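Colleague: Give me coordinates for this.
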Amino acid sequence: MPTFAVNYRYADQPAALGEHRPAHRAFLAQHAEAGHLLAAGRFADEGPEAALLVFRAQSADDVAGWLDQDPFALVGLVAEREIRLWPVVLGPWVAQQ
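Modeller: Alright, predicted model coming up:
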């Protein structure tokens, strides 16, 4: 099954992000438990808050549909989202493709 890398850039609203982060993480945990989400994490460098999410799905449309239901997206805290097909060629995820 194809792998997709998703770049998320969050709105510059730290208080709102903090308020909705537990629901956002619970949403991501559900997708990890279902086997869709392979990895997720916030970038720790300086700059606008952003994250990388790695999904396994049949299509980018599937990933987009899931992410449309992210609590951060539902309250307007995702400023930018880029979903890209990412063919994994090395590492433990290769065997799962």
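Colleague: all strands of the protein, in order?
Modeller: With DSSP state E, the ranges of strands along the chain come out as 3-10, 37-42, 50-56, 78-85.
Colleague: Just send these back as JSON lines, with mean pLDDT, mean neighbour count and distance to residue 62 too.
Modeller: For every residue, glycine as well, the C-beta is placed using N, CA and C. Formatted as JSON lines, these follow (pLDDT from 0 to 100; neighbours: other Cβ atoms under 10 Å; distance: least, Cβ to Cβ, whole Å):
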{"stretch": "strand 3-10", "mean pLDDT": "96", "mean neighbour count": "19", "distance to residue 62": "9"}
{"stretch": "strand 37-42", "mean pLDDT": "95", "mean neighbour count": "15", "distance to residue 62": "12"}
{"stretch": "strand 50-56", "mean pLDDT": "96", "mean neighbour count": "18", "distance to residue 62": "8"}
{"stretch": "strand 78-85", "mean pLDDT": "97", "mean neighbour count": "14", "distance to residue 62": "10"}
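Colleague: Any chance of those in TSV with distance to residue 93 as columns?
Modeller: TSV is the format used below for those (distance: least, Cβ to Cβ, whole Å):
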stretch	distance to residue 93
strand 3-10	6
strand 37-42	6
strand 50-56	8
strand 78-85	14
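Colleague: Give me the distance between residue 5 and residue 40.
Modeller: 11 Å (Cβ to Cβ, to the nearest Å).
Colleague: Could you pull out the residues contacting both of those two?
Modeller: Residues touching both residue 5 and residue 40 by Cβ atoms under 8 Å, 6 or more residues apart in numbering: 52, 53, 54.
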